[in-house]
Each structure stands twice: as C-alpha cells, then as structure tokens.
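In: Here's a sequence, model it:
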Amino acid sequence: MQSAAPKKQATLESMFAKRSPTKTTEVISVDEDSQLAGGKRPRSRSGSKEKRKSPSPPKRSGGNGWLGDLITEPSWRKELQPVLQDAAQGKGLLSQIEKFIDTAEGKGATVLPPRPCIFTAFNRTPFDKVKVVLLGQDPYHDIGQAHGLCFSVQPGVRPPPSLKNMYKELESDVPGFTTPSHGYLQSWADQGILMLNATLTVTAHEANSHAKCGWQQFTDEVIVRVSAQRERRVVFLLWGNFARGKKKLIDTSRHIVIENGHPSPLSVKHWVGCKCFSKCNEALVKAGHTPIDWKLPATVTMES
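Out: The predicted structure follows:
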C-alpha cells in the first residue's frame with residue numbers, strides 16, 4: 001500500500017466551509033438492488049403495493065436546526081459543534097439540506113429514512129469509538145427498508161441482493177458465520193463500525209434523488225474529520241468505484257484502506273473472494289483494536 005504524505009490538518013470551521021462538490025468518473029449505487037430491472041419501481045417485499053408504511057415524520061416545533069437536533073450522540077455533537085451552531089441559526093450546510101427536505105416533503109414526497117433515523121450511523125457509533133468506516137452511497141429507497149445504516153434494512157425486511165452477496169462472502173470468509181433471515185446490521189455499528197452512506201436521505205422510489213442537495217459535501221468532511229482527528233488507526237472499507245473515489249479524503253499514512261468490488265449483482269464478479277471481512281479484522285488487530293464479531297443474532301428487534 002502506498003503511503004501519502006500527511007496533509008495539513010484543517011480546522012472544523014474551514015472544513016465545513018462551502019465548496020464545490022467533488023466529481024467522480026463512475027457511480028455504482030448501493031441501491032442497485034432496486035434498479036436491476038432497468039430502474040423500474042420495486043415491488044413491495046410483502047407482495048402488495050406500499051403495504052409497509054413508513055413512520056410519519058415528527059412535526060417541527062418551530063425555528064431552525066431540526067436536522068442538527070437529530071444528532072444526539074455527545075461526542076459527535078462536540079465534534080460537529082460549529083456546523084450544528086450554524087444550522088440552529090438557519091445558515092450553513094445542514095440548514096441548506098434541511099430546506100431541501102422541507103421543500104420535498106411540502107410537495108408530498110416521502111423522504112427516507114424516517115427523520116429519527118437519518119443520523120443512526122452517528123448516534124449508534126460515537127466518534128471516539130469509531131474503528132472502522134464502511135461507506136455506502138445512497139439509502140435503500142423502498143418504503144420500510146432504510147433506517148440510517150448503510151447496507152442494513154429494518155427487521156422484518158428480506159435482505160436485498162447486495163446484502164445477500166455480503167452474507168455469501170461472510171460464509172466463505174468468516175468461520176462460523178451463518179446467514180440470518182434478516183438484514184439488520186446494527187450489531188456491527190455497536191462494535192465501532194461507522195456505517196455511513198455518502199447521501200443520508202432519499203425520496204421514496206427515486207434512487208440518488210438527494211445526491212446533490214449537500215449531503216455528500218457533509219459526509220466528505222466527516223470522513224476527513226475521522227481521518228484527521230481519530231488518534232488510533234481506523235480501517236476504511238471502500239467497496240466499488242464510488243466508495244473508492246473517497247480514498248483521496250483519507251490520510252493513508254495513518255489509516256488502513258481496504259478496497260474491493262461492490263457486492264451488487266451488477267459487479268459481484270469483482271466482489272466474490274475479496275475476503276474483506278477477515279482482512280478488516282487482521283488490520284484491526286495490528287492496530288491494537290478488538291476485531292469485529294461479524295456474526296449476527298438469529299432474531300432482532302428494531303431499537304430506537
């Protein structure tokens with residue numbers, strides 16, 4: 001692995017300053033699962049249209065900053081304090097995204113995941129506990145699937161094709177792993193994996209519909225912040241061309257980057273046999289971390 005020269009550490013204020021979004025040459029959507037039929041609207045997993053209902057978003061109590069208020073984990077609130085303060089004053093990046101979501105919902109759109117789940121990745125994995133960053137692209141956009149962790153779906157939802165391919169690789173790569181009947185991956189987040197989608201919201205049935213509203217600028221800076229401020233080495237898992245395009249944000253002289261194909265059926269030939277899960281644990285042990293227990297419970301219940 002080549003080591004890049006350490007970059008000059010930026011202040012949080014300058015990191016969250018408005019800048020032009022970075023460009024990538026190719027995009028492989030995490031939500032390709034629901035685009036395999038030429039981008040057609042996916043059928044409900046229950047067999048009937050829209051049978052699964054999404055929780056209604058909470059009503060605003062007035063004023064600005066409702067989006068920032070959804071980040072409740074103390075270490076992330078401390079790390080993101082300047083941008084949260086801006087949002088509370090109705091300015092800055094989160095305020096821009098908040099207005100975009102309000103406008104979409106005002107026109108009748110269903111925004112996913114439900115508001116309380118938008119920052120699940122942050123609220124379940126404190127900044128000072130992050131030891132792995134798993135980067136996805138876009139939340140699943142069928143009703144009832146997304147709950148704020150990349151690749152994960154709510155309990156009771158059948159695992160999408162990408163997740164099924166992840167399970168197949170886990171079975172061949174991790175001794176004792178047994179594929180569960182669900183796709184709820186919260187136990188990984190609770191062990192220190194920041195399961196971060198580059199875009200944190202989506203309009204129902206419209207993949208990548210929020211990709212240009214500011215989320216990717218926000219999450220790019222989150223990646224930079226983890227790279228710059230985490231004292232211990234972090235393992236970054238970059239699956240597919242979109243995620244691999246984020247490597248430039250990471251100080252590879254300090255952290256470990258594991259790159260491989262995406263588990264989507266559209267690129268599975270580049271995924272099979274990658275052994276990224278065992279490689280991740282080997283890297284964690286070398287860095288002095290406890291390895292991830294990739295095994296998932298047989299039964300799960302959605303936690304708030």
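
In: Which parts of the stretch 1-150 of the chain are strands?
Out: 111-112, 132-136 (DSSP state E, counting those that start in this stretch).

In: give me the low-pLDDT residue ranges for the stretch 201-304 of the chain?
Out: 304 (pLDDT under 70).

In: Pretty sure Cys302 sits against Gln154.
Out: I think there's a mix-up here, since residue 302 is Met and not Cys. Yes - with contact defined as C-beta atoms under 8 Å, Met302 reaches Gln154; the gap is 5.8 Å. Yep, even glycine has a C-beta here, placed from its N, CA and C like the rest.

In: one step back: turn the strands of the stretch 1-150 of the chain into JSON lines, columns for mean pLDDT.
Out: Listed next are these as JSON lines, based on pLDDT from 0 to 100:
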{"stretch": "strand 111-112", "mean pLDDT": "98"}
{"stretch": "strand 132-136", "mean pLDDT": "98"}
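
In: and those as TSV, adding mean neighbour count and distance to Ile256?
Out: Converted to TSV, the strands of the stretch 1-150 of the chain look like this (neighbours: other C-beta atoms under 10 Å; distance: least, C-beta to C-beta, whole Å):
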stretch	mean neighbour count	distance to Ile256
strand 111-112	24	32
strand 132-136	25	9
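
In: Quick one, which of these gets closest to Leu70.
Out: strand 111-112 (12.6 Å; C-beta to C-beta).

In: Given the closest one, what are its sheet partners and their directions?
Out: Using DSSP bridges, strand 111-112 pairs in its sheet with strand 202-203 (antiparallel).

In: how far out from the middle of the chain is the partner strand?
Out: Averaging C-alpha coordinates over strand 202-203 and over its chain gives two centres that are 14 Å apart (C-alpha atoms, centre = their mean, to the nearest Å).

In: Could you do stretch 184-191 as well?
Out: For stretch 184-191, the distance to the chain centre is 12 Å (C-alpha atoms, centre = their mean).

In: With stretch 91-99 instead?
Out: 19 Å.

In: try stretch 235-246
Out: Counting by C-alpha atoms, centre = their mean, stretch 235-246 comes out at 12 Å from the chain centroid.

In: tell me how far the ends of that stretch are from each other?
Out: Stretch 235-246 has an end-to-end distance of 13 Å (C-alpha to C-alpha, to the nearest Å).

In: ok, and what's touching it?
Out: For stretch 235-246, contacts defined as C-beta atoms under 8 Å, 6 or more residues apart in numbering pick out 22, 24-29, 131-137, 198, 220, 223, 247, 250, 255-264, 267, 271, 276, 280, 283-284, 287.

In: Quick check, Arg115 in contact with Ile71.
Out: No - taking contacts as C-beta under 8 Å, Arg115 lies outside contact range of Ile71: 12.0 Å.

In: Run a quick neighbour tally on Gln89.
Out: 12 (other C-beta atoms under 10 Å).

In: returning to that earlier point: neighbour-wise, which of Met302 and Gln154 wins?
Out: Gln154 (23 against 11).

In: List buried members of the contacts of stretch 235-246 by neighbour count.
Out: 28-29, 131-137, 198, 220, 223, 250, 255-264, 267, 271, 276, 280, 283-284 (16 or more other C-beta atoms under 10 Å).

In: what separates stretch 289-298 from the chain centre, distance-wise?
Out: With C-alpha atoms, centre = their mean, you get 18 Å for stretch 289-298.

In: Stretch 95-115 too?
Out: With C-alpha atoms, centre = their mean, you get 18 Å for stretch 95-115.

In: Now Phe218. Nearest residue, chain neighbours left out?
Out: Leu93 (5.5 Å; C-beta to C-beta, 6 or more residues apart in numbering).

In: again with Asp190
Out: That would be Arg124: by C-beta to C-beta, 6+ apart, it lies 6.1 Å from Asp190.

In: How about Arg77?
Out: Here the residue nearest Arg77, using C-beta to C-beta, 6+ apart, is Ile71, at 5.9 Å.
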